[in-house]
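Asks: Okay, sequence plus prediction incoming.
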Amino acid sequence: MASVVVTLRIMPNSPSADLSKIEPQAKKEIVHFCNSKEMRSNIEPIAFGLKALNIIFVMDESKGSTEALEQKISRIENVESVEVTDVRRAIG
């Protein structure tokens with residue numbers, strides 16, 4: 001099977017939520033879900049002081065849906081929502 005590159009957007013429940021506390025917990029869930037060691041994250045300004053945490057990671061396509069992962073991350077304290085914003089098949 002091929003690998004896919006997945007982008008998750010994690011929205012906090014308020015502009016004052018500390019994304020630096022959410023990030024390591026979310027990455028831990030990603031590693032537990034798909035054993036991905038290849039990850040990159042960035043913080044994206046949304047509006048009115050609200051920022052989103054984007055985490056990009058590689059997983060095996062055979063793993064299937066990321067719905068279980070999204071549900072686990074959404075249970076992290078101060079997380080409002082989690083959505084997959086991009087999925088691409090890795091080439092090479």
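Replies: Noted; the coordinates are in hand. Numbers count the residues shown, from 1 in each chain.

Asks: only C-alpha atoms for contact and neighbour calcs from this point on.
Replies: Will do.

Asks: what's the pLDDT at the closest residue to Val79 other than its chain neighbours?
Replies: In this structure, Val79 finds its nearest non-sequential neighbour in Pro12, 4.4 Å apart by Cα to Cα, 6 or more residues apart in numbering. Note on Pro12: pLDDT of 97.

Asks: ditto for Gly92
Replies: pLDDT, read off for Gly92, is 65.

Asks: Check the burial of Arg9 by counting its neighbours.
Replies: Arg9 has 21 neighbours, counted by other Cα atoms under 10 Å.

Asks: can I assume it is in contact with Ile46?
Replies: No. Using Cα atoms under 8 Å, Arg9 is not in contact with Ile46; the gap is 11.2 Å.

Asks: what do the two both touch?
Replies: Ala52 (Cα atoms under 8 Å, 6 or more residues apart in numbering).

Asks: Which helix runs longest in the chain?
Replies: helix 19-34 (DSSP state H).

Asks: Which SSE is immediately downstream of that helix?
Replies: The helix or strand immediately downstream of helix 19-34 is strand 39-47, counting by DSSP states H and E.

Asks: downstream neighbour of that next one in the secondary structure list?
Replies: strand 50-60.

Asks: Good, wrapping up.
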